[in-house]
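>>> Next one to model:
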Amino acid sequence: MAKRVFERRDGLLLDRYEDPPGQKRTYQGPASRLGESPEQARNLAAIAGEEGVAPFTGVLALMDDRSPELLESLLQGLAAGNSAAPNALLRFLDDPRVRPALVAAAAIAPVSSLANFTQAVGIAGGVGACKVLLTRLEEIAAAPDVMVDDDFFNDLAGSLASTACALLRLDRDSEPAAKALVRLFDHPCAFNRRSAIREAADALDPRSSTRAMEILRSALDRQIDNARDDEFISAGPALVHTMPDPFLARCEKILEGNDPLARDSVLSHVSQLDSPKALALAVRGFSRFS
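A predicted model of the protein is given here:
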C-alpha cells in the first residue's frame with residue numbers, strides 16, 4: 001500500500017483518512033516534527049490575536065516551541081481572550097507573569113470558553129486561583145440554563161464541570177465544587193452526564209477524607225450501581241483506581257451481559273488491576289468470550 005502524503009497548511013501536517021468502521025478522521029501535528037518550518041512568524045501573529053491563521057492552529061503548529069517569542073505572543077493572546085492560549089502557557093510556568101495572567105484571564109473569560117481558562121488555572125495555581133475559580137463556579141451554577149438539555153453538549157454545564165474539577169485540584173475540601181459536579185450527574189444531556197461522572201471520578205482522591213471527597217465518593221458509589229453502561233465505562237479509567245471494589249462488582253454485571261463493546265471496554269479496565277479478584281474476573285471474561 002502506498003504511503004499517504006501529508007497535506008501541509010500553516011505549519012501543520014494533516015493526514016485525512018478513513019478508519020476500518022468507515023469513520024473519516026484527520027490527524028494534525030506540527031510540521032516541525034519532520035524538520036519542516038513551523039511558519040513561526042505567521043502563527044505567532046495568529047496566537048497574539050492578529051488576523052490570519054486560526055489561534056488554535058497556531059498553538060498546535062508551535063506545540064514544540066519554547067521560545068521567548070512564543071511566550072510573548074501567548075500572553076498577548078491570553079489578554080485578547082484567545083482560549084487556545086491558557087493551556088499552551090503551562091509550559092512557561094517558570095515565568096513569573098504567567099500565573100497572575102492566567103488567574104486574571106479566568107476572571108473575565110466568557111462562559112462559553114471558560115473551561116480552557118479554568119483548567120489551566122487548576123494546574124498552575126497561584127495567588128487568587130481558588131478565589132477566582134470559586135467565583136466563576138458560583139456564577140455558572142446560578143445560571144438558569146445550566147441544566148437545560150442539548151442535542152449534543154450544554155456549554156454552561158461543561159464549563160461548570162471543568163471549573164469544579166479545577167477548584168478541587170487546588171482545594172480538596174471545596175464542598176461547592178463537589179456539589180456542583182454531583183448536581184450534573186442528573187443533567188438531561190447524556191454527554192454532560194458522562195463528562196460530569198468521569199470528571200468526578202478523576203477528582204476523587206481516595207487518600208482524602210474531606211467532606212468534599214465524601215460527597216463525591218457517595219455519589220459515585222450510587223452511580224456505579226445505577227448509571228448506564230456507557231456512563232460507567234466513561235469513568236472507568238479513574239474508578240478502576242479510586243473505587244476498585246464497587247468498580248469490579250459493576251464490571252461483573254456487564255461481563256454477564258450481551259453488549260460486546262461494553263464487555264471489551266470493561267475487560268481492558270479490569271486488566272489494569274493487580275488483585276486476585278480482578279485477575280479472576282479477567283480470566284473468566286476472556287475465557288467466556290474468546
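
>>> where's residue 254 relative to residue 277, distance?
Distance of residue 254 to residue 277, computed by Cβ to Cβ, to the nearest Å: 15 Å. Placement of C-beta: from N, CA and C, glycine included.

>>> More neighbours: these two, which one.
Legend: neighbour count by other Cβ atoms under 10 Å for residue 254 and residue 277, higher for residue 254 (19 against 14).

>>> Is the more buried one part of a helix or strand, or is it coil?
helix (DSSP: H, G, I helix; E, B strand; the rest coil).

>>> and it, what is it in contact with?
Contacts for residue 254 (Cβ atoms under 8 Å, 6 or more residues apart in numbering) come out as 229, 232-233, 262-263, 266.

>>> Please repeat the previous calculation with a cut-off of 7 Å.
Contacts here follow Cβ atoms under 7 Å, 6 or more residues apart in numbering; on that basis residue 254 touches 229, 262-263, 266.

>>> now residue 215
Per Cβ under 7 Å, 6+ apart, neighbours of residue 215: 175, 178-179, 182.

>>> what helix or strand does it sit in?
helix 211-226 (DSSP states H and E).

>>> quick one: average confidence on that helix?
Throughout helix 211-226, pLDDT has a mean value of 93.

>>> and it, which residues are buried?
When burial is assessed from 16 or more other Cβ atoms under 10 Å, helix 211-226 yields the following buried residues: 212-213, 215-217, 219-220, 223-224.

>>> Give the burial count for residue 173, as a bare number.
If we define neighbours as other Cβ under 10 Å, then residue 173 has 12 of them.

>>> tell me the SS of it?
Applying three-state DSSP: residue 173 is coil.

>>> Spit out the contact partners of it.
Listed by Cβ under 7 Å, 6+ apart, the contact partners of residue 173 are 210-212.
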